[in-house]
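Asker: Everything below, folded, please.
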Amino acid sequence: MTALSDIYSRLPDNIDDLPKPMTPEDVAEADRRARHWSSSIPGPLRPGSPEHKKAVADMFRETFNPYKPSVIDWPELDPQTLRRITSLPIWDIAVQTEGKARLRMAAYARVIDDPDMKDAISRNAWEENRHKEVLSRLVEAYGIEMAPEPPYIEPDDVEWAYLVTGFSECVDSFFAFGLFRVAEDSGFFPPELIETFEPVMQEECRHILLFANWLAWYRATMPLWRRPWFEAKVVAVWAFLAWERIGLARSVDADGVEHTQDNNFTVSGAKDMSADDLSLPDFLQLCLSEDERRFSGYDERLVRPTTTPAIAKALVFVLGLFGKRPGGSALKTAAA
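Answerer: The predicted structure follows:
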């Protein structure tokens, strides 16, 4: 049986070392290709069809960015900015989340039979491992104190673990898109860090695009007798994610120092990053705008994640009934 580390630490096509960029133009072109892709397959891409499956695998392979976010020149930060960055209650859980994600992606890739989906999800595992390495380097570069990482254990229920990771990324990425824009516009993150993490954010967009299309393909191709049990599992996953995001996660390091991690920071952190009075409707609308912008470059025939955006739209509508409509500075910035 293949070791999971062999999957997430090596690209499926056995590229041991990433190609080195020849010129800044090479880097810019790779970044453009990572954000814009259309299939040459004509006609509709119906989930469950061979054409849809091939398009999904092609998309993930052809939008791979070999340069960013691997090429990193960590900028020197002024003391005030450094304090802001290191004080965020997210670094422990961010590193650990990527560590679990790479393992769960690799575990599912190992058991899946379809070669196209196996290739795409294996690449997803490799990119999750790259994200973990990027975060680990940031933590080291800026001296952020971390609790010891827990052991990463192979999941017993591989499908459950993959669903938890996939749906979790759909939720967290939606809010992270808006939060990242707030951090950029407010100057909470300096331009150098924005440039470093922008490709990571776009890769997360690709990851949830892959998950949404895998889910549509999986549902369309599974036997009907399995469907009720699978849908019950999906409901259970959503319930688990809701429970997981209630409250704070805490861990204690080897010196007995407690580290508090905010499981819900992507939702609750916007006010901490902006000097403006950012209302909830404004933030939700910003998340919706950024979500649409990041997906706009990919073939419209591919399935998009819809649950979290639908919930956000419903919340904006309900809040509007009570006179709390979007219209703050965040929206003006997003529309500019």
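
Asker: where exactly do the helices run in the protein?
Answerer: Assignment of helices within the chain using DSSP state H yields the ranges 4-8, 24-35, 50-62, 79-87, 91-111, 115-141, 158-186, 191-221, 227-244, 265-268, 270-273, 280-295, 307-321, 329-335.

Asker: Looking at these, which is nearest to Ile41?
Answerer: For the helices of the chain, the distance to Ile41 is smallest for helix 50-62, at 5.0 Å, taking CB to CB. For every residue, glycine as well, the C-beta is placed using N, CA and C.

Asker: Now do the closest one, average pLDDT.
Answerer: Computed over helix 50-62, the mean pLDDT rounds to 97.

Asker: what's the angle between that helix and helix 191-221?
Answerer: Here helix 50-62 runs at an angle of 160 degrees relative to helix 191-221 (axes from the mean of the first three to the mean of the last three CA atoms, to 10 degrees).

Asker: Buried residues of helix 50-62, list them for me.
Answerer: Residues of helix 50-62 classed as buried by neighbour count (16 or more other CB atoms under 10 Å): Glu51, His52, Lys53, Ala55, Val56, Ala57, Asp58, Met59, Phe60.

Asker: same question, stretch 139-159
Answerer: Buried residues in stretch 139-159, counting neighbours by 16+ other CB under 10 Å, are found at Val139, Tyr142, Ile144, Ala147, Pro155, Val158, Glu159.

Asker: what two of these are the furthest from one another?
Answerer: Tyr142 and Glu159, at 37.5 Å, using CB to CB across those.

Asker: From Phe322, how far off is His131?
Answerer: In this structure, His131 and Phe322 are 39 Å apart, going by CB to CB, to the nearest Å.

Asker: more neighbours, those two?
Answerer: For the pair His131 and Phe322, the greater number of neighbours falls to His131 (22 against 8), based on other CB atoms under 10 Å.

Asker: Turn the buried residues of stretch 139-159 into JSON lines, including pLDDT and distance to Ile194.
Answerer: Supplementary listing: the buried residues of stretch 139-159 in JSON lines, determined by pLDDT from 0 to 100; distance: CB to CB, whole Å:
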{"residue": "Val139", "pLDDT": "88", "distance to Ile194": "18"}
{"residue": "Tyr142", "pLDDT": "89", "distance to Ile194": "15"}
{"residue": "Ile144", "pLDDT": "87", "distance to Ile194": "18"}
{"residue": "Ala147", "pLDDT": "77", "distance to Ile194": "27"}
{"residue": "Pro155", "pLDDT": "93", "distance to Ile194": "34"}
{"residue": "Val158", "pLDDT": "96", "distance to Ile194": "36"}
{"residue": "Glu159", "pLDDT": "97", "distance to Ile194": "36"}
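
Asker: thinking Phe197 is in contact with Arg181, fair?
Answerer: No. Applying CB atoms under 8 Å, one finds Phe197 not in contact with Arg181, separated by 12.0 Å.

Asker: so what's the backbone phi/psi at Pro223?
Answerer: phi -60, psi 150 (degrees, to the nearest 10).

Asker: What does the pLDDT read for it?
Answerer: pLDDT, Pro223: 95.

Asker: try the one 10 residues further on
Answerer: According to the model's per-residue confidence, Lys233 sits at a pLDDT of 97.
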